[in-house]
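K.L.:
the following comprises the amino acid sequence and a computationally predicted model.
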Amino acid sequence: MCQEKCATIDLQIRQEKTGNLVQAKPEFQVRVLNACPCLQGNVTLDCNGFQTVEVENPVTLLRSGNGCLLNNGSFLTPFNEVVFVYAWDTQFPFKPRSSNIKCN
């Protein structure tokens, strides 16, 4: 029943500049919100071509091929978010690729 209510598309991604510069590149803060009433785990974002000069936290965002595993694969609880930052010349168009949905 929960799987019918939720889909990977319910992962909402918002980005904004933080105002900080890292190695002369603007820093962006990314918020990934689980906007459904179910848990979503093993969330993978499409990050083909993603670059950053900032040191990445592999627990928050781990690159694997053309995808990035979010939150170390742990479940995002309903209506909560994971936040990470990166710095590059331009904003990267992250998109949800896949997730595992679990009902409570």
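P.N.:
Done, it's in.
K.L.:
helices along this protein, start to end?
P.N.:
Using DSSP state H, the helices found in the chain span residues 2-5.
K.L.:
ok, Ser74 to Val82 distance?
P.N.:
9 Å (CB to CB, to the nearest Å). The way it works is simple: take the backbone N, C-alpha and C, and place the C-beta from them, glycine included.
K.L.:
who's more crowded, the two?
P.N.:
Legend: neighbour count by other CB atoms under 10 Å for Ser74 and Val82, higher for Val82 (18 against 14).
K.L.:
now do the contacts for the more buried one.
P.N.:
Shown in contact with Val82 (CB atoms under 8 Å, 6 or more residues apart in numbering): Arg31, Val32, Val43, Thr60, Leu70, Asn71, Leu76.
K.L.:
do that again at 7 Å, thanks
P.N.:
Residues in contact with Val82 (CB atoms under 7 Å, 6 or more residues apart in numbering) are Val32, Thr60, Leu70, Asn71, Leu76.
K.L.:
likewise for Ser74?
P.N.:
Gly41.
K.L.:
ok, now Leu76?
P.N.:
Contact analysis of Leu76 by CB under 7 Å, 6+ apart lists Asn34, Leu39, Gln40, Val43, Val82.
K.L.:
swap in Val30?
P.N.:
Neighbour list for Val30: Ile13, Gln15, Val83, Phe84, Phe94 [criterion: CB under 7 Å, 6+ apart].
K.L.:
likewise Pro26?
P.N.:
Neighbour list for Pro26: Lys17, Ala87 [criterion: CB under 7 Å, 6+ apart].
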